[in-house]
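Q: next comes the sequence, and after it the predicted model I'd like to discuss.
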Amino acid sequence: MSMKVSTRQVDGVTILDLSGRITLGEGSVTIRDAVRDLLAKGQKNVLLNLADINYIDSSGIGELVSAFTTVRNAGGELKLLNLTKKVHDLLQITKLYTVFDVRDDEATAISSFTK
């Protein structure tokens, strides 16, 4: 099963609803392309909704970090929303949990962006 991305705008924030798997290859490229695309359009407040991600591997985690860095370097902010237990645990193990701004509630996440 490949990863799907749908995009929506809420109050100046672009939410990428991700579903499926973020693994080496397909899923990671999909995120990279989506983020690059948003930045090209000047959309710099990005919220990755991971509620429907059922599997992520270490390269997937690497891709989240890469997306985070890319957005930050462009002067934007990238935050994570609705981590599944599996993703949450993997971020804890890899000590990356503290790198990200992780939110559980969409409305709170959206209002947390500097607009």
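A: Good, I have the coordinates. Numbering: from 1, shown residues only.
Q: only C-alpha atoms for contact and neighbour calcs from this point on.
A: Will do.
Q: tell me where the model's unsure across this protein.
A: Applying pLDDT under 70 to the chain flags residues 1, 26-27.
Q: run the last query once more with 90
A: Applying pLDDT under 90 to the chain picks out residues 1-3, 23-30, 54-55, 57-60, 62, 86, 90, 94, 96-97, 114-115.
Q: name the single longest strand found in it.
A: Across the chain, the longest stretch assigned as strand under DSSP state E is strand 45-56.
Q: contact partners of that one?
A: If you take CA atoms under 8 Å, 6 or more residues apart in numbering as the criterion, strand 45-56 is touched by 12-23, 71, 76-84, 86-87, 109-110, 113.
Q: any chance you could map the strands in this structure?
A: Under DSSP E, the chain gives strands at 4-10, 13-22, 45-56, 77-81, 101-103.
Q: what angle separates the second one from strand 45-56?
A: So that's strand 13-22. 10 degrees (axes from the mean of the first three to the mean of the last three CA atoms, to 10 degrees).
Q: which other helices and strands contact strand 13-22?
A: Helices and strands in packing contact with strand 13-22 are listed as strand 4-10, strand 45-56, helix 58-73; criterion 3 or more CA pairs under 8 Å, 6 or more residues apart in numbering; DSSP states H and E.
Q: now do the shortest one
A: Applying 3+ CA pairs under 8 Å, 6+ apart, we find strand 101-103 packed against strand 77-81.
Q: before we move on, back to that, could you tell me which of the contacts of strand 45-56 count as buried?
A: 13-23, 71, 76-83, 87, 109-110, 113 (16 or more other CA atoms under 10 Å).
Q: can I get the strands of the chain in a markdown table with distance to residue 38?
A: Below are the strands of the chain laid out as a markdown table (distance: least, CA to CA, whole Å):
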| stretch | distance to residue 38 |
| --- | --- |
| strand 4-10 | 10 |
| strand 13-22 | 8 |
| strand 45-56 | 8 |
| strand 77-81 | 11 |
| strand 101-103 | 19 |
